[in-house]
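Asker: Could you work out the structure for the sequence below:
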Amino acid sequence: MTAIITYRPDAQKTPGLYDRILTYKILRDICIRVTGQDDFNIIRDTSTYNKGRLITIEYGGIKSFVSLSEVSVEGRNQSVQSIPTAINLYYANSNPNKALYYYFMPHKGNYFTDYHLFYFRLLKTAGVIFLNLLDYYPAGINAFENVDELIDERNDNRETNSSNNSSFISKTSDKVQIYAKTYGASKYESTLLAIAVAAITDRPIDLYNICEQDLTRLPQSSLNTINAIGNIQIHDTSITLEKRIFINQAKNNEFRSPIYQRNLLQRLGRKHCALCGCEIPEIIQGAHVWGVAEIARDDHFSDDIKFNHAISGENGLWLCQNHHKLFDSHYLSFNMDGHILVPSNLRTEDGQFIRAITQNESLDNQIITENFKWYLSQRNSIRDYSHYQRLVI
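Answerer: Residues are numbered from 1 along each chain as shown. Predicted structure coming up:
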């Protein structure tokens, strides 16, 4: 049986690119790895340019999609941004018998930085099959086993590369949240994150489509893929939309902002309680320092400025449910140096409980920025903390 290999020779900006890089030797190697044999015919499809750096192979009733790596690794995102396009084309194809592969072309540069390895783990988790990975990276790559592992590596990768902050993943007790940016290379990564997370969780997924700049949402091809998966609820949100909600709801303390959560993730990283160190994401919450209702009632600022304060990542910290409730109920607060304050007349048993669940007597220096101190001063100006004292553990 003869395999049929089809490719489009033109790149969007480089006519004839794939005629030049797809040598007979490379096509034969791909054919053997996909079909187990080397008998193939080639079809050059000149109807449009090549999207997703794709070739397709039809053999034995199976249609295989093979996404090709770049031949020169330059920008981090540029080197992998074609892959989600290939995934979208794969999902859009109606053939029930299909497979998706990735093939490393002979290339210059390092395809195995920490970021690339994270990206390739996402691909493996999303079901992409690597054809010749071991030729270039003998250690191999494993799929993520669960969402916690994915979140941890995402955060570790972000901490070693401060520019890697485009999209974030989080968890609550009943759902997984993806905060997705929709412009530039970020929109491609957001698509892949959604597919990978869906493959390793049985919880519903909320994808917050955070609309910024000139794009109003993720590309339609990505939305089609995400909708096809079936376990992801897409929520469109934007600065304009959240501002309108803030104006209508904030005074009743009903404002819940995906953008605020994303901003906290961007500033503070992984969810962990600032006071006890708990890292169970399902019970970690974003706590406003200067409360939303208080912001809304302040007559010194316009609605636009109030909203900016309400979604600022500087106006918050991660707290577990216990410490968040204690903070909101004024059983504990902070002085301007970040030391924990508790009421001087606190009942003995209440003080014992707070000390028992609290690991740190003060906030980490990463949290106490000048902007954070300003929000803390706003909070402390509303309530009299003169009868509070520092907590001693």
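Asker: Distance-wise, check L275 relative to A356.
Answerer: L275 sits at a distance of 12 Å from A356 (criterion: CB to CB, to the nearest Å). In this view, the C-beta of every residue, glycine as well, is placed from N, C-alpha and C.
Asker: Of the two, which one has the most company?
Answerer: Neighbour tally, L275 and A356, criterion other CB atoms under 10 Å: the higher count belongs to L275, 27 against 9.
Asker: ok, now which ones touch the more buried one?
Answerer: Each residue near L275 by CB atoms under 8 Å, 6 or more residues apart in numbering is listed here: 319-320, 323, 340, 358-360.
Asker: Report the two of those separated the most.
Answerer: Greatest spatial distance among the contacts of L275 (CB to CB): C320 and I340, at 14.1 Å.
Asker: out of everything not next to it in sequence, what's closest to L319?
Answerer: Ranked by CB to CB, 6 or more residues apart in numbering and with sequence neighbours excluded, the top spatial neighbour of L319 is A287, at 4.5 Å.
Asker: Contacts for the helix or strand where the one you found lies, please.
Answerer: Here A287 sits within strand 284-288, counting by DSSP states H and E. For strand 284-288, the external contacting residues (CB under 8 Å, 6+ apart) are 260-261, 264, 271-273, 278, 310, 315-321, 323-324, 327-328.
Asker: Show the subsequent helix or strand relative to it.
Answerer: helix 292-297.
Asker: What residues of that following helix count as buried?
Answerer: Neighbour counts using 16 or more other CB atoms under 10 Å place 292-296 of helix 292-297 among the buried residues.
Asker: got it, and stretch 37-52?
Answerer: Across stretch 37-52, burial judged by 16+ other CB under 10 Å covers 40, 50, 52.
Asker: and that stretch, what's its mean pLDDT?
Answerer: Average pLDDT, stretch 37-52: 96.
Asker: re earlier: list only buried entries from the contacts of strand 284-288.
Answerer: 260-261, 264, 271-273, 278, 310, 315-320, 323-324, 327.
Asker: List the residues that contact the residue positioned nearest the centre of the chain.
Answerer: The centroid of the chain falls nearest to F168 when counting by CA atoms, centre = their mean (2.7 Å). Contacts for F168 (CB under 8 Å, 6+ apart) come out as 154, 178-179, 262, 265-266.
Asker: where does the closest residue to it other than its chain neighbours land in three-state SS?
Answerer: The shortest distance from F168 to any non-neighbouring residue, by CB to CB, 6+ apart, is to L265 (4.1 Å). With DSSP: H, G, I helix; E, B strand; the rest coil as the basis, L265 sits in helix.
Asker: Count the neighbours of L265 for me.
Answerer: Using other CB under 10 Å, L265 has 24 other residues around it.
Asker: again with I169
Answerer: A count of nearby residues for I169, using other CB under 10 Å, gives 22.
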